[in-house]
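Colleague: the sequence isn't on hand, but the structure is:
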């Protein structure tokens, strides 16, 4: 039942427990207890809302930053990742395979604010070897949700 619950709430965290129980064919109390247990053991880490900020008056700039670091003996990448994720500007930090070690995502009010964070805080950390910043210009799909829907012409076709 755990995996089924997780699959459903990953797509819709607002689903009502009663509706979830009906979909699963389980008792509502059993589903509620299972969700509570997963919250307590850290399987469910949080609930988030996906917002298209382009449709608001709030100015936000999102960036993906590739970070190459020197891993520390006995600690690997964990200590530097922790130092980075503790910054309030940082949304996420991932250990990656490939040409760089960490992928950092963050948001700021402007390109300058994000650039300042990278140059003043991130690049100055002692184990950081290099950074590459990529600014997100447009989101087409985010967390499985299509953000930029195609314009559909709903006018009626007129024939002579």
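Modeller: Perfect, I can see it now. Remember, it's a predicted structure, so these values are computed and weren't measured experimentally. Numbers count the residues shown, from 1 in each chain.

Colleague: what's the domain layout of this structure?
Modeller: 2-40, 53-138 (automatic domain parsing).

Colleague: and the longest one, average pLDDT?
Modeller: Mean pLDDT, taken over the full extent of domain 53-138, equals 94.

Colleague: sorry, back to before: turn the domains of the chain into a markdown table, columns for mean neighbour count and distance to residue 46.
Modeller: Yep, even glycine has a C-beta here, placed from its N, CA and C like the rest. A markdown table is the format used below for the domains of the chain (neighbours: other C-beta atoms under 10 Å; distance: least, C-beta to C-beta, whole Å):
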| stretch | mean neighbour count | distance to residue 46 |
| --- | --- | --- |
| domain 2-40 | 13 | 9 |
| domain 53-138 | 14 | 12 |
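
Colleague: contacts for the helix ranked longest in the chain, please.
Modeller: Of all segments of type helix in the chain, defined using DSSP state H, the longest is helix 28-40. Residues from elsewhere that reach helix 28-40, judged by C-beta atoms under 8 Å, 6 or more residues apart in numbering: 1-2, 5-6, 9, 17-18, 20-21, 24, 44.

Colleague: helices - which of the residues you listed land there?
Modeller: 2, 5-6, 9, 17-18, 20-21, 24.

Colleague: tell me the one of the residues you listed nearest residue 110?
Modeller: Proximity of the ones in helices among the contacts of helix 28-40 to residue 110 (C-beta to C-beta) peaks at residue 9, which lies at 34.9 Å.

Colleague: mind listing what the closest one touches?
Modeller: So residue 9 contacts 15, 20, 35, 44 (C-beta under 8 Å, 6+ apart).

Colleague: just the strands in this structure please.
Modeller: 61-69, 90-95, 102-108, 128-135, 141-142, 145-146 (DSSP state E).
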